[in-house]
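Asks: Fold the following and give me the result.
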Amino acid sequence: MRRAVVLTAAILVAVLGMGVYMFSGHMPGREGAGASGRSGGNETLVVCIAGAYAAEGRYLADAYRNATGIQVVVKPGGSFALAHQIALGVPCDVFMPVAFRRAVAETGPYSPGWAVAFVADSNVIVYSNASLKAFPGMADLLSLYREAYMSNDSRLWYQFFYGLTSGKYPLGVADPATDPEGLYAMLILEAAGELYAGNKSFFIYRMAESRANVTRSSTFYYVVPLKEGQLAFVFSYRSYAEANGLQYLELPPWLSFGDDAYSSWYSRFSWTIPVEGGTAEIAGSPVYLYITVPKNARDRAAAVDFLLFALRERGRLSRYGLAALGRPVVFGNASSLPAALRQLLDNGTLTYGGPLT
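Replies: The predicted structure is shown next:
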């Protein structure tokens, strides 16, 4: 900018400063109205959130109610399953899917065309103390895991995944068509197969042949069976384990899908899921929790206000093992963003990450 345009520069600085001021705790409660001064509309917001993040959703709902007086109903489920419900017109004011942005596109005619990634997670293998007591030999498998993790010996990793998929230990793997955690389980087993068995399908076939997997529509439904020792392991996220007081095995970054530095490696693996009118091949990518507002939100202004609140409070989700992104990332059609988000994107508080799918 030329030095002569001093007034224009001053105005620009003021506008950018106001955007940062708004985002750091002084955002408007609604587009055109304060959050605590709602003018009509619905008295309850419905937040549809990935089942593994039910605890985080309830935390945000309680904090938002305390701040505004607005009631929030949290509806957990598999991200893809929730998307299909939204596409059928089931009420959902805020949609918070995990991991794969494809879930937003699957909301069909109610897709907003955009989503914001605001916290990051990683994949782990979850278990409980009750599991250890219920399944003989599991302690030996955990010892093998520790040796493999410390040494990164490919032979030990092979033995660990060979035992994990043997059928001796009931293994919770959510349905990849309804829950991204199940899809990630397949990608992890593919990566492990390629690295340690020379065949990316090896451990998936072994799991299927031994009938090791116990399938549900969402990992939300594995919490009780794990705590009661009915399951040995579950493929899920670190935050899922920490939020539910469960034990977990960390995976190296090339298997955890939790490190941006390995994005190119992750994208080498993919899984095909059914979608309306056909199928979609979903490539691996880092684990993010997204937030967006479907087109059929009953009170769009209040929904956007909740979204802004979640962005502002994202650092508090570290108590669940989530890592807040320094700058939340917008994916999709930026021109479709609500005005408040467009302003944050324009002033650099948010950053743009690319297309939605």
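
Asks: And the helices in the stretch 51-200 of the chain, which stretches?
Replies: 54-68, 79-87, 102-105, 129-134, 138-151, 154-164, 180-192 (DSSP state H, counting those that start in this stretch).

Asks: Residue 323: neighbour count?
Replies: Neighbours of residue 323 under the rule other Cβ atoms under 10 Å: 18. Yep, even glycine has a C-beta here, placed from its N, CA and C like the rest.

Asks: Would you tell me which one of the helices of the stretch 51-200 of the chain is buried the most?
Replies: helix 180-192 (a mean of 26; mean count of other Cβ atoms under 10 Å).

Asks: Roughly how far does residue 207 sit from residue 166?
Replies: 9 Å (Cβ to Cβ, to the nearest Å).

Asks: Those two - which one has more neighbours?
Replies: For residue 207 versus residue 166, the count of surrounding residues by other Cβ under 10 Å is larger for residue 207: 21 against 15.

Asks: That one contacts residue 213, correct?
Replies: Yes - assessed by Cβ atoms under 8 Å, residue 207 is found in contact with residue 213 at 5.5 Å.

Asks: Can you pull the residues that touch both of those two?
Replies: In terms of Cβ atoms under 8 Å, 6 or more residues apart in numbering, residue 207 and residue 213 are both contacted by the residues 171, 173.

Asks: In this protein, which residue is most central in space?
Replies: residue 98 (2.3 Å; Cα atoms, centre = their mean).

Asks: Please list all residues in contact with that residue.
Replies: 50, 52-53, 79, 121, 180-181, 237, 287-290.

Asks: Kindly indicate which of those lies nearest residue 223.
Replies: residue 52 (9.6 Å; Cβ to Cβ).

Asks: Enumerate every residue touching that closest one.
Replies: Residues near residue 52 by Cβ under 8 Å, 6+ apart: 98, 181, 218-220, 236-237, 239-240.

Asks: If we ignore the residues flanking it in sequence, what's nearest it?
Replies: Leaving aside its sequence neighbours, residue 52 sits nearest to residue 240 (Cβ to Cβ, 6 or more residues apart in numbering; 4.1 Å).

Asks: Give me the next element, helix or strand, following the helix or strand where that neighbour lies.
Replies: Using DSSP states H and E, residue 240 sits in helix 238-243. Along the chain past helix 238-243, the next helix or strand (assigned with DSSP H and E) turns out to be strand 247-250.

Asks: For that following strand, name the packing helices and strands.
Replies: On a contact count with 3 or more Cβ pairs under 8 Å, 6 or more residues apart in numbering; DSSP states H and E, strand 247-250 meets strand 123-127, helix 138-151, helix 238-243.

Asks: Which neighbours in the sheet does that strand have, and how are they oriented?
Replies: With DSSP bridges as the test, strand 247-250 is paired with strand 123-127 (antiparallel).

Asks: chain center to the partner strand: distance?
Replies: 15 Å (Cα atoms, centre = their mean, to the nearest Å).

Asks: Straight-line length of stretch 230-243, end to end?
Replies: 19 Å (Cα to Cα, to the nearest Å).

Asks: coming back round to it: of the contacts of residue 52, which pair is most distant in space?
Replies: 218 and 239 (14.7 Å).

Asks: who's more crowded, the two?
Replies: Using other Cβ under 10 Å, the more surrounded residue of residue 218 and residue 239 is residue 239, with 27 against 24.

Asks: related to what we said a few turns ago, quick check: bridge partners of the residue nearest to the centre of the chain?
Replies: residue 289.

Asks: Over to residue 75?
Replies: Beta-bridge partners, per DSSP bridges, of residue 75: residue 48.

Asks: who touches it in this structure?
Replies: If you count contacts by Cβ under 8 Å, 6+ apart, then residue 75 has 46-49, 82, 92 around it.

Asks: Same list, the residues you listed, but as CSV with pLDDT please.
Replies: Output for those, formatted as CSV (pLDDT from 0 to 100):
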residue, pLDDT
46, 96
47, 97
48, 96
49, 95
82, 93
92, 95
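
Asks: of those, closest to residue 147?
Replies: Relative to residue 147, and with distances defined as Cβ to Cβ, the nearest of the contacts of residue 75 is residue 49, at 37.1 Å.

Asks: Give me the neighbour count for residue 286.
Replies: Residue 286 has 18 nearby residues by other Cβ under 10 Å.

Asks: next one: phi and psi at it?
Replies: With angles defined as degrees, to the nearest 10, residue 286 sits at phi -60, psi 150.

Asks: tell me the contacts of it?
Replies: 120, 257-260, 262-263, 266.

Asks: Show me which of those residues are buried.
Replies: Taking 16 or more other Cβ atoms under 10 Å as the criterion, what is buried in the contacts of residue 286 is 120, 257-259, 262, 266.

Asks: Show me these that map onto strands.
Replies: Members of those lying in strands (criterion: DSSP state E): residue 120.

Asks: Out of the buried ones among the contacts of residue 286, flag the one nearest to residue 333.
Replies: For those, the nearest to residue 333 is residue 120 (22.9 Å; Cβ to Cβ).

Asks: That closest one is in contact with residue 287, isn't it?
Replies: Yes - between residue 120 and residue 287 a contact is recorded at 6.4 Å, counting by Cβ under 8 Å.

Asks: hey, what's in contact with both of these two?
Replies: Joint contacts of residue 120 and residue 287 (Cβ under 8 Å, 6+ apart) are residue 258.
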